[in-house]
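**Q** this one's structure only:
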DNA sequence: CTTCTGTATCGATAGTTGTCAATATAGACA
DNA sequence: TGTCTATATTGACAACTATCGATACAGAAG
């Protein structure tokens, strides 16, 4: 199996400014420990979704702050949400994490032979 | 092949605060369009490495700013560097990108069936 | 309509960050 | 030694962000 052909986009050629812009926004959403834990909590929650009340219980932060972080994750395209009666449920946008994963790692050995 | 068994760590269970801290630092290094392009430029450069002079030529930024971004990427564990005579060369730390990739995506379908 | 609960938005503030000009450092070469 | 080039560090500043308290909004239940 050839390796030089299956590099990730990031390694195959320099990112365009536009691509970098979009990607940076997604990574920025992941650049906060609280948001990473939120995303992981939602992703690993039963049924693949969690309401804000579930999430709030896991963090020692005020409710507006929780809401703010969820908004950042939603606007980055990582979470989606829906209101059901009194509660709002969040889930991971299908494919979003895998898309980022592929951009970074692509194939297994992408960068390991650079040196 | 079963899918529910090969989820990425992030999807399998809620991240610990410590893990989130470490991960967030790496993602923060990727959260700037300039740094993403720099990383990509180095990774895709001939021989897997580039000197600062190569990098500088691709950005409309002052030299101190270039140097600052490279430092952030180095301190996040994504780039390493070495001085050779007058020039300083940077390369991607082997495995760094793939590690991040695995945490995000794990297996192919990790999140796509959440809904 | 009123009240209660869950969630979002607003406004303010302390802390962080991207950028630059100025300066310092390291090595090559006279 | 001194000078030149490549890179790093320092200091300053504007822009951004994480957080909070106060307030607004949405739906359920009286």
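**A** Arrived safely, thanks for sending. Treat the numbers as computed from the prediction; the structure is a model and nothing was measured.

**Q** run a quick neighbour tally on residue A:84.
**A** The burial count assigned to residue A:84 is 8, neighbours taken as other C-beta atoms under 10 Å in any protein chain shown. Yep, even glycine has a C-beta here, placed from its N, CA and C like the rest.

**Q** what bridges to it?
**A** residue A:87 (DSSP bridges).

**Q** per-residue confidence for the residue of chain A found nearest DNA strand C?
**A** Relative to DNA strand C, the nearest point of chain A is residue A:64 (2.8 Å; C-beta to the nearest atom of the strand). Residue A:64 is assigned a pLDDT of 98 by the prediction.

**Q** the one helix or strand residue A:65 maps to and chain B in contact?
**A** Here residue A:65, judged by DSSP states H and E, is contained in helix A:63-75. No. Using C-beta under 8 Å from any C-beta of the partner chain, helix A:63-75 stays clear of chain B, with a minimum separation of 11.5 Å.

**Q** same for that helix, what does it pack against?
**A** helix A:17-29, helix A:33-44, helix A:52-57, strand A:79-84, strand A:87-92 (3 or more C-beta pairs under 8 Å, 6 or more residues apart in numbering or on different chains; DSSP states H and E).

**Q** and the ones you listed as CSV, adding mean pLDDT?
**A** Shown next, in CSV, are these (pLDDT from 0 to 100):
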stretch, mean pLDDT
helix A:17-29, 95
helix A:33-44, 98
helix A:52-57, 97
strand A:79-84, 97
strand A:87-92, 98
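
**Q** in a markdown table: those, plus distance to residue B:15.
**A** Converted to a markdown table, those look like this (distance: least, C-beta to C-beta, whole Å):
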| stretch | distance to residue B:15 |
| --- | --- |
| helix A:17-29 | 15 |
| helix A:33-44 | 4 |
| helix A:52-57 | 13 |
| strand A:79-84 | 15 |
| strand A:87-92 | 13 |
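
**Q** so which of the ones you listed gets nearest residue B:85?
**A** Closest approach to residue B:85 among the helices and strands packed on helix A:63-75 (C-beta to C-beta): helix A:17-29, 30.9 Å.

**Q** so the closest one, near chain B or not?
**A** Yes. Helix A:17-29 reaches chain B (C-beta under 8 Å from any C-beta) through A:17, A:20-21, A:23-24, A:27-28.

**Q** ok, of those, which one's closest to residue A:44?
**A** For the residues of helix A:17-29 next to chain B, the nearest to residue A:44 is residue A:27 (20.6 Å; C-beta to C-beta).

**Q** so who does residue A:17 touch?
**A** B:33, B:37 (C-beta atoms under 8 Å, 6 or more residues apart in numbering or on different chains).
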